[in-house]
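In: Sharing a sequence plus its predicted fold:
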Amino acid sequence: MSMLQRSLQTRAGEGGRRKGRAARMRSGPNAGSRVGEAEQPLGGTRTLTERERLYGLFGFGVLSDYRFRTPMADSAPGSPVSLRFRRVVRECTFRPSSADCIHRSALTNRFNESAFQVYRDNAATLIRFPRIADFSVYEDEILCVLPDSRLEHMVEICLLGHVFAYYLESRGILALHGGAVAVRDQAVLFLADRGIGKTSIVTAMVAAGHRLLADDLAAIELASGGPDILDEAEGDFSKPVSTLADRADREYIVCRPAFPQLKLNPDQLRRYLPLSQGSNGSELPLVHPGFDKRSVPVETLGRFACEALPVARIYILERHDRGDHHEGAQHNRTRRTPTVNLDPVCGGTALLQLLRHSFLSELFEEGSSCSERRAQRLAQLGRVVTAVPVRRLCYPSGYEHLPALLSAIETDLHTAGGDRRPKRGFEADAPAGDETRNVVSDQYPEVTCGHRGI
């Protein structure tokens, strides 16, 4: 269960109902606050007011006068503005029709309401966290309506998680639930269920000198033309990296930089916080007042990668002591010797893993109202598993095993060029009669296994 999911269950309803304006907004969810404002148009450079800052967030120039508690990267000087974020404190007055609802999460709050709801309107998409906040997502703006200032901590949890994941997906950028680091100017992704140790691995790699790309939400997309396009993309947040190249001699998957924060629990803080600071991290802000994870600026431990980088590996994390039953783990239990196993994940199995670890996987399930994006992202994920080696990384619990784990990753990355051969769909590396083909075909009939449907 994610930080947002736990927050929704423990904090929903704490914002008491307040009297306020009750009129429905005129042109889309909460759009009344956009009317009559003299604002400079987005899309170009602009002069910032005293309260405004321009952030670089997932490759977008985000203009805001909101004071983030989360560490954020400033955009490069002269970068264009592509998105505005605003937060207002007032009652959520928009009353959407059930006919406009395109998604209700299976997760519920303590009032038995779907904790994450999505509504589509002519002017915008409304993302509602009942009794917490409404987010109206426009092409050039995200507006947060917060009914109670006591729930201020939920603004960034929602925005930098589900809301921005939706915004990325609406722009054709894949949002995966995982961490990412830069190793020798290439991105390495780590996807895992909660509690497997993703944050510990990412933090250990940052402490070892690698740069952070993302802590929890990894944004990836297709780019044509090779790594040289990244030089063109750097500092230009106005358009997706995939549109910057004129050459199409090779396809690369690139990972966009998120924001320079690590969320660490007390045990991780004790291990990684530099002793020279003479602190146990208690002065760092809590991510959520109900939990013990703290917001740690990455500069405390290492560096942040501000540019998009080509993806060299995607690792699916598992632990030996979590009941894994693949051959390598069984072998380890028999020998009772804790080792690190790296196994290739191919074809349909790799695709299913990426689907499973998508940030908004439930939103794009079969039968949802997002069928067009669902088919598009299936094609994108198919190209990801074609272009990027996917590995199952199984390892034992315990900080003492992290050096061996990092060494195994480094060794594997030295062979990164060895298996980047062209593949088509699920035909490569899949043994005859592989049950995965049938699973994919049954769950995703629009995918043509073994052909060029992906």
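Out: Received the coordinates, thanks.
In: Surely Ala379 forms part of a helix?
Out: Yes. Assessed by DSSP: H, G, I helix; E, B strand; the rest coil, Ala379 belongs to a helix.
In: Give me the pLDDT for it.
Out: Predicted confidence (pLDDT) for Ala379: 92.
In: Distance of it relative to Thr386?
Out: Between Ala379 and Thr386 the distance is 11 Å, computed by Cβ to Cβ, to the nearest Å. All C-beta atoms are positioned from the backbone trio N, CA, C, and that covers glycine.
In: and those two? which has more neighbours close in?
Out: Under the neighbour definition other Cβ atoms under 10 Å, Ala379 and Thr386 were set side by side, and Thr386 has more, 21 against 14.
In: where does the more buried one land on pLDDT?
Out: Predicted confidence (pLDDT) for Thr386: 92.
In: what's the answer for Glu307, then?
Out: As predicted, Glu307 sits at a pLDDT of 93.
In: Burial check on the residue lying closest to Glu52 once chain neighbours are set aside, number of neighbours?
Out: Ranked by Cβ to Cβ, 6 or more residues apart in numbering and with sequence neighbours excluded, the top spatial neighbour of Glu52 is Asp65, at 5.0 Å. By other Cβ under 10 Å, the residues close to Asp65 number 14.
In: what about Arg131, is that helix, strand or coil?
Out: Put simply, Arg131 is coil when judged by three-state DSSP.
In: pLDDT score for it?
Out: For Arg131, pLDDT reads 94.
In: Give me the below-cutoff pLDDT ranges for this protein.
Out: Residue ranges of the chain with pLDDT under 70: 1-46, 224-250, 275-279, 321-338, 366-369, 416-454.
In: And the helices in it?
Out: 3-11, 153-158, 164-170, 198-207, 229-233, 266-272, 327-335, 347-356, 371-387, 402-413, 435-443 (DSSP state H).
In: List the contacts of the nearest residue to Phe129 once chain neighbours are set aside.
Out: Closest residue in space to Phe129, ignoring its immediate chain neighbours: Cys158 at 5.7 Å, by Cβ to Cβ, 6+ apart. Contacts for Cys158 (Cβ atoms under 8 Å, 6 or more residues apart in numbering) come out as 4, 127, 129, 132-133, 135, 144.
In: Repeat that for Arg271.
Out: Going by Cβ under 8 Å, 6+ apart, Arg271 touches Tyr399.
In: can you list the domains in this structure?
Out: According to automatic domain parsing, the chain comprises the domains 3-168, 174-260+304-443.
In: so how far is Glu251 from Val384?
Out: Separation of Val384 from Glu251 (Cβ to Cβ): 10 Å.
In: that older thread, for Leu146, see how far away the residue nearest to Phe129 is.
Out: 10 Å.
In: list the residues that contact both of those two?
Out: Contacts common to Cys158 and Leu146, judged by Cβ under 8 Å, 6+ apart, are Ala133.
In: still on that earlier bit, joint contacts of Val384 and Glu251?
Out: Counting by Cβ under 8 Å, 6+ apart, the shared contacts of Val384 and Glu251 are Leu222.
In: There's contact between Glu221 and Leu176 in this structure, I believe.
Out: No. Contact criterion Cβ atoms under 8 Å: Glu221 and Leu176 do not qualify, at 11.1 Å.
In: who's more crowded, those two?
Out: Remark: of Glu221 and Leu176, Leu176 carries more neighbours, 27 against 23, as counted by other Cβ under 10 Å.
In: Run through the residues that contact that one.
Out: 189, 191, 217-220, 354, 357-359.
In: Equivalent analysis for Arg184, please.
Out: Arg184 neighbours (Cβ under 8 Å, 6+ apart): Leu413.
In: Count the residues that sit near Arg194.
Out: Residues lying near Arg194 (other Cβ under 10 Å) number 12.
In: how near is it to Val388?
Out: For Arg194, the distance to Val388 - Cβ to Cβ - is 23 Å.
In: what does Arg256 give?
Out: Applying Cβ to Cβ, the value for Arg256 to Val388 is 15 Å.
In: same question, Leu406
Out: Distance from Leu406 to Val388, counting by Cβ to Cβ: 20 Å.
In: The two: who's more crowded?
Out: Taking neighbours as other Cβ under 10 Å, Leu406 and Val388 compare with Val388 leading, 22 against 17.
In: which non-adjacent residue is nearest Glu156?
Out: Counting by Cβ to Cβ, 6+ apart, the nearest residue to Glu156 once its immediate chain neighbours are dropped is Thr70, at 5.0 Å.
In: ok, the one you found touching Gln261?
Out: Yes. Between Thr70 and Gln261 there is a contact under Cβ under 8 Å: 5.3 Å.
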